[in-house]
Each structure stands twice: as structure tokens, then as C-alpha cells.
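The following block contains a protein sequence and its predicted model.
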Amino acid sequence: MTILANQVAVVTGAGRGIGRAIALKFALNGADVVCVSRTVENSEKVAEEVRVLGRRAWALAVDVSDSAAVSAAAETILTAAGRVDILVNNAGVTRDGLFMRMSEADWDTVLNTNLRGAFLFTKAFSRAFMKQRQGRIINIASVIGLIGNAGQSNYAASKAGLIGFTKSVAKELGSRSVTCNAIAPGFIQTDMTSVLDEKIREALLKQIPLGSFGEADDVAEAALYLSGPGGRYVTGQVLTVDGGMVM
């Protein structure tokens, strides 16, 4: 399949989990991929996997919350790749803790990475998208941004903010044929969820009608849909990939 042939995709947080799955899914469908993560090692590892699939790949280590670093990365990407057609803002962190005990540092770290990072990368490529009158922006939010969660007020705020950001960008860029959507994964089997206590995992499964945790590839398939021909007339939406948890 080559539904993304001749397109260039930028995926942040591409070093593992959902980001890696999206990068590889895009490559399998014909896209060249810019793999962005915090470390060169993780970025290059996934970039090499993309190259094995026969696609071009670039590896960048970027702190997505650093404005200067993001601007420099965007300039490097546009020079090296020539264009960008798809942007996936997936980089994210957690610093869980009860609200009453949460430090300002833990609040800032999560908001700066999850929300500010998406703002900076979207802004960095928005002019190019508008100039070429084409672009797909996908923000990886979370069901926690829709329903909240005890012990995750910072994470919930960042993901809820990302959903509002998505809708606003969709309205601002829609006239230039640029779409902007969010995907809200439920509990996906990644490094983030692997540390959950067994009792917590069992309690969560009882809330999921399909009776199982999702896989990173489930989210990647949703990203492929929004990036491909089928997503042409879809913008400002939140697609939940959660096994029915918050329907």
C-alpha cells in the first residue's frame, strides 16, 4: 500500500511506543519519515527501521518544549526533506501525583512537553502548510483529557488543552485545506502503562467493553486514516481509540 506515497511525515516522540508505531505505519504506506525524540539513540533507532522499509528517514533529538530548538529543527527538516505533509504531535510525559502534593515542576514539565510542544511544532510548520495549501496535523491526546483522572491533574489538563488547541487550529487553517485532528487513546500497552499495578490493570479492564488493552498499532491505524485520502474531509475531531471505554 502506498496511500502516503511522496509525502513527508514528522512524528514527535517517535522513539518508542505509539510514536514508533505511527512512524513505521506511515513508512509501510509510502511516506518518508522524520523521527523526533529526546535522544539521538532513540530517534536513529526508529529512523533505521524506516530505512529498512525502503523509505527515507531523518533522526533528530529535540526538546519539544524548547522554542529555539524546535525552530531550528523545523528549518533543518524543511531544508533536508523539501516539504512536510503530515505532522504528528505525539511527544508526551507523565509526572503523576495527587493534586494537593503536586510540585510546580511536575506541573510545568507535563504541560510544557505535552501542550507547549505541540504548539511549537504546529506553529513551526503552519506557514509551510498554508503556503502549499495542504497539510495534516494530528495531535495525540488521551481519554484522560476527556474524563480526567485522580492523580493526573497535570496530564489531564495538558491533554484537554490539546483537544481545545486542535479545534482552534482546525478552524484557523481549514480555509487552506489543512486539517487538524486529535486522537484520544485509551489504555494502550506501552512503557507508560506497563508499570501499572496488576489490581489497577484488572479494574481498568472492567471499564473497557472490548475487555482488553489496546496496542500501539491501533492508534497508528487511526493516524493513517486521518493522514490518508479517507481523512480529507475530517477536521477538528477527536477520535477515541479506547475499546469503548468513554463512549
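That came through fine. Computed from a prediction, not measured in an experiment: that's the story for all the values here.

Near Gly174, how many other residues are there?
13 (other CB atoms under 10 Å). Every C-beta, even on glycine, is put in place using the N, C-alpha and C of the backbone.

isn't it right up against Tyr233?
No - using CB atoms under 8 Å, Gly174 makes no contact with Tyr233, being 10.7 Å away.

so what's Gly97 up against?
Residues near Gly97 by CB atoms under 8 Å, 6 or more residues apart in numbering: Ser103, Asp106, Gly151.

make that Leu87, sorry
Ala9, Val10, Phe121, Thr122, Phe125, Phe129, Gly135, Arg136, Ile137, Ile138 are the contacts of Leu87 under CB under 8 Å, 6+ apart.

Strands along the chain, start to end?
Applying DSSP state E to the chain gives strands spanning 8-12, 32-37, 57-61, 86-89, 135-140, 178-185, 238-241.

what distance separates stretch 39-57 from the middle of the whole chain?
On the basis of CA atoms, centre = their mean, to the nearest Å, stretch 39-57 is displaced by 17 Å from the centre of the chain it belongs to.

Average pLDDT for it, rounded please.
Averaged over stretch 39-57, pLDDT sits at 97.

Which members of the contacts of Gly97 are classed as buried?
For those, a burial check counting by 16 or more other CB atoms under 10 Å picks out Asp106.

ok, so of the contacts of Gly97, who is nearest Thr39?
When these are ranked by distance to Thr39 (CB to CB), Asp106 comes first, at 21.2 Å.

Just put the strands of the chain in TSV and tack on distance to Ala223.
Output for the strands of the chain, formatted as TSV (distance: least, CB to CB, whole Å):
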stretch	distance to Ala223
strand 8-12	9
strand 32-37	12
strand 57-61	17
strand 86-89	6
strand 135-140	5
strand 178-185	6
strand 238-241	9
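
Of all these, which one comes closest to Ala69?
Closest approach to Ala69 among those (CB to CB): strand 57-61, 9.1 Å.

residues making contact with that closest one?
27, 32-40, 43-44, 46-48, 50-51, 73, 76-77, 80-81.

Got the confidence number for the residue sitting nearest the centre point of the chain?
The residue lying closest to the centre of the chain (CA atoms, centre = their mean) is Asn90, at 2.2 Å. If you check Asn90, the pLDDT there is 98.
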